[in-house]
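Novice: output the structure for:
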Amino acid sequence: MGLSFWQIAVVVILFVLLFGRGKISDLMGDVAKGIKSFKKGMAEEDEVMVRREEPKVIDQKKETELRDKNSEKTNS
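Specialist: You can find the predicted model right below:
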């Protein structure tokens, strides 16, 4: 009990008559923008996850300098 070519054609024609070519093209443009935005968001999320997993290497000299500066500020 599948759909025939004529049934699909009638549905498409009714859809175009109801909404018009302009609205359909606007709708498809909005759908495309949504998909692009979703893909971009997923790529950015993956990038953030990779950044979080990278080990942070701290220079011991810089760390001691920062600690000394902070202790000087609190002592002053």
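Novice: hey, let's count contacts and neighbours off CA atoms from now on
Specialist: Noted.
Novice: distance of residue 67 from residue 20?
Specialist: 68 Å (C-alpha to C-alpha, to the nearest Å).
Novice: go on, residue 31?
Specialist: 17 Å.
Novice: swap in residue 8?
Specialist: 17 Å.
Novice: do the same with residue 70
Specialist: From residue 70 to residue 20 the distance is 67 Å (C-alpha to C-alpha).
Novice: can you check the pLDDT for residue 36?
Specialist: Reading off the confidence values, residue 36 has pLDDT 93.
Novice: which is the succeeding secondary structure element to the helix or strand encompassing it?
Specialist: Using DSSP states H and E, residue 36 sits in helix 5-53. Using DSSP H and E, the helix or strand that follows helix 5-53 towards the C-terminus is helix 60-75.
Novice: mind giving me the packing neighbours of that next one?
Specialist: Using 3 or more C-alpha pairs under 8 Å, 6 or more residues apart in numbering; DSSP states H and E, no helix or strand is in contact with helix 60-75.
Novice: show me what that helix is in contact with.
Specialist: Contacts to helix 60-75, defined as C-alpha atoms under 8 Å, 6 or more residues apart in numbering, come from no residue at all.
Novice: so how far is residue 60 from residue 66?
Specialist: For residue 66, the distance to residue 60 - C-alpha to C-alpha - is 10 Å.
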